[in-house]
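K.L.:
Here is a sequence together with a model predicted from it:
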Amino acid sequence: MSDKKPLFVFKDVHVEVEGKEVVKGVSLTINKGEIHAVMGPNGSGKSSLSNALMGHPDYTITKGEVSLNGKNVKEMSADERSRAGMFLAFQYPTAIPGVSVANFLRTALKAHRGKDADMSDFRKLLKAEMKNLSIDPSFATRYLNDGFSGGEKKRVEILQMSILNPKIALLDETDSGLDIDALKTVSEGINRFHNEENGILLVTHYQRLLNYVKPDFVHVLMDGRFVKSGGPELALKLEESGYDWVENEIRQKAKV
């Protein structure tokens, strides 16, 4: 478990997309060694939050603070945040025709390590991580995500994470579109990556990913706000009863 040293912190974050506020003041502290899951219905702001935290230009943080290891990252560009130790696995990974998986990863890793970095271990590292994720070696020469199935794209996302070894990983619905075998493989990759020095923020609709990647905390996001937090048992309750009971609970509290 965590040594309780704050790793990734965001406070009172508000996010706008095309002039509309979709995240309405959320705060969270992820300590080293912790896994936090964010769950919520469609349109609740989950993906908008993760994209904004990573610095996606279409998602504007209009208010709030974001820090990694005590350093303000809010004013950094997405690539600067990546080099600082942040990683985002997209819900819908983009295809990049003309750029092979190996060249993409080598370039990304070199950017992280610096232009004078020793890259002699890259081929060995790539081969080992591809084997761990049951990715056929031929994928190293294929164009990134071009013609890949949903499961193949998600495995390559986790491959990127394993190669770059970030301090904080934001995983946006990584379980989306995965069959049970791919889900198990991707989950094993996430668990291999996780250690006492990094942190993970999992965004998901369903309990099934959390059967394999055990969160320390679960947070429910509805209408752009965190409305409930708890342990892993909260995800089980949501799987069993849906989100209606949370809405009913909020209405009951409002009447008091």
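P.N.:
Thanks, I have the structure now.

K.L.:
outside of stretch 160-170, which residues touch it?
P.N.:
The contact list for stretch 160-170 (C-beta atoms under 8 Å, 6 or more residues apart in numbering) reads 7-8, 30, 50, 53-54, 68-69, 82, 84-89, 105, 108-109, 112, 125-126, 129, 132-133, 189-190, 192-193, 197-201, 203. All C-beta spots, glycine's among them, are computed from the backbone N, C-alpha and C.

K.L.:
Over to stretch 111-120?
P.N.:
Residues outside stretch 111-120 that contact it (C-beta under 8 Å, 6+ apart) are 79, 82, 83, 106, 109, 110, 164.

K.L.:
can you do 6 Å?
P.N.:
Here stretch 111-120 makes contact (C-beta atoms under 6 Å, 6 or more residues apart in numbering) with 83, 110, 164.

K.L.:
Please type out the PyMOL selection for whichever of the contacts of stretch 160-170 turn out to be buried.
P.N.:
In PyMOL, this line selects whichever of these come out buried by 16 or more other C-beta atoms under 10 Å:
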select buried, resi 7+8+30+50+53+54+68+82+84+85+86+87+88+89+105+108+109+112+126+129+132+133+189+190+193+198+199+200+201+203
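
K.L.:
the strands in the stretch 101-250 of the chain, which residues?
P.N.:
Along the stretch 101-250 of the chain, the stretches classed as strands by DSSP state E, counting those that start in this stretch are 143-144, 168-172, 199-203, 217-222, 225-230.

K.L.:
Residue 238 is nearest to which of those?
P.N.:
Closest approach to residue 238 among the strands of the stretch 101-250 of the chain is made by strand 217-222 (7.1 Å; C-beta to C-beta).

K.L.:
Are there helices or strands packed against the closest one, and which ones?
P.N.:
The contact analysis (3 or more C-beta pairs under 6 Å, 6 or more residues apart in numbering; DSSP states H and E) places strand 217-222 against strand 35-39, strand 225-230.

K.L.:
what about the longest one, distance to the chain center?
P.N.:
Yep, that's strand 225-230 we're talking about. Offset of strand 225-230 from its chain centre (C-alpha atoms, centre = their mean, to the nearest Å): 18 Å.

K.L.:
Direction-wise, compare it with strand 35-39 and give the angle.
P.N.:
With axes from the mean of the first three to the mean of the last three C-alpha atoms, to 10 degrees defining the directions, strand 225-230 sits at 130 degrees from strand 35-39.

K.L.:
For strand 225-230, output the C-alpha coordinates as CSV.
P.N.:
Only the C-alpha atoms of strand 225-230 are listed here, as CSV (Å, rounded to 0.1, in the frame of the first residue of the first chain):
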residue,chain,number,x,y,z
ARG,A,225,-18.9,16.5,-9.7
PHE,A,226,-17.7,13.8,-7.3
VAL,A,227,-20.8,12.8,-5.4
LYS,A,228,-19.6,9.7,-3.6
SER,A,229,-16.3,8.0,-2.7
GLY,A,230,-15.5,4.7,-1.0
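
K.L.:
so what strands line up beside it?
P.N.:
Strand 225-230 pairs in its sheet with strand 217-222 (antiparallel), by DSSP bridges.

K.L.:
next one: the partner strand to chain centre, how far?
P.N.:
How far strand 217-222 lies from its chain's middle: 14 Å, per C-alpha atoms, centre = their mean.
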